[in-house]
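Engineer: requesting a structural model of the entry that follows:
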Amino acid sequence: MIKISDSLRSLFSAQIEERDGSYIVDVPASEIEHDALAADETYRVAILKSESSTSKKTQEEQPQSAAQEPTPTSDGPPVDEGAIRDVTIETTGDQGDGIAKVERGYVVIVPGGQPGDELSVEIEQVKENVAFASIVEPDSRAL
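Structural biologist: This is a model prediction of the structure:
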């Protein structure tokens, strides 16, 4: 597993394209709109090969009759309101709330969570770049 730095500002998938002799990676507008990145700033970029990336040739070689599942996109939050998730609190925020990260570095704020806590939480409110959750009390009848 790859260790992801706490300084990670953004994570998205993009294709590298050739334009006028240079190679370009387009940054989605949502990264700027949600203040993950700012125009005219300099960032360190890491390039990771996508396991799901396929060339056109590979796509053409696949049988047309094969049923294909829709590919999940990185658009939108990776959590849904009402979902129960297991998270590990990584740090605390300015207000003392626990902060956990799930897929794609998406932040889940958990009041009452402390660093190192492994909790089941219920997602209560989902925004584009953060979700708010409450701790689900374990069932005392469970073994």
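Engineer: once you drop chain neighbours, what's closest to the most centrally placed residue in the chain?
Structural biologist: Nearest to the geometric centre of the chain sits Arg104, at 1.9 Å (Cα atoms, centre = their mean). Spatial nearest neighbour of Arg104, chain neighbours left out: Leu11 (4.9 Å); criterion: Cβ to Cβ, 6 or more residues apart in numbering. In short, each C-beta sits where N, CA and C put it, glycine included.
Engineer: repeat for Glu18
Structural biologist: In space, and not counting its chain neighbours, Glu18 is closest to Ile24: 7.6 Å by Cβ to Cβ, 6+ apart.
Engineer: what does Tyr106 give?
Structural biologist: Per Cβ to Cβ, 6+ apart, closest to Tyr106 is Pro78, 5.2 Å.
Engineer: wait, that neighbour sits on Val107?
Structural biologist: No - using Cβ atoms under 8 Å, Pro78 makes no contact with Val107, being 10.8 Å away.
Engineer: shared neighbours, those two?
Structural biologist: By Cβ atoms under 8 Å, 6 or more residues apart in numbering, Pro78 and Val107 have no common neighbours.
Engineer: what's stretch 122-138 in contact with?
Structural biologist: Defining contact as Cβ under 8 Å, 6+ apart, one finds that stretch 122-138 is touched by 30, 34-36, 76-77, 79-85, 87, 106-113, 119-121.
Engineer: among these, which ones are in helices?
Structural biologist: Secondary structure from DSSP state H places Ser30 of the contacts of stretch 122-138 in helices.
Engineer: out of the contacts of stretch 122-138, which are buried?
Structural biologist: With burial judged by 16 or more other Cβ atoms under 10 Å, the buried subset of those is 30, 36, 77, 79, 85, 87, 106-110, 113, 119, 121.
Engineer: redo those residues as TSV? Include distance to Leu48 and pLDDT.
Structural biologist: Putting those into TSV (distance: Cβ to Cβ, whole Å; pLDDT from 0 to 100) gives the following:
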residue	distance to Leu48	pLDDT
Ser30	20	76
Ala36	17	78
Pro77	21	91
Val79	22	94
Arg85	24	94
Val87	23	95
Tyr106	17	92
Val107	20	93
Val108	23	95
Ile109	27	95
Val110	28	95
Gly113	29	94
Leu119	29	94
Val121	28	96
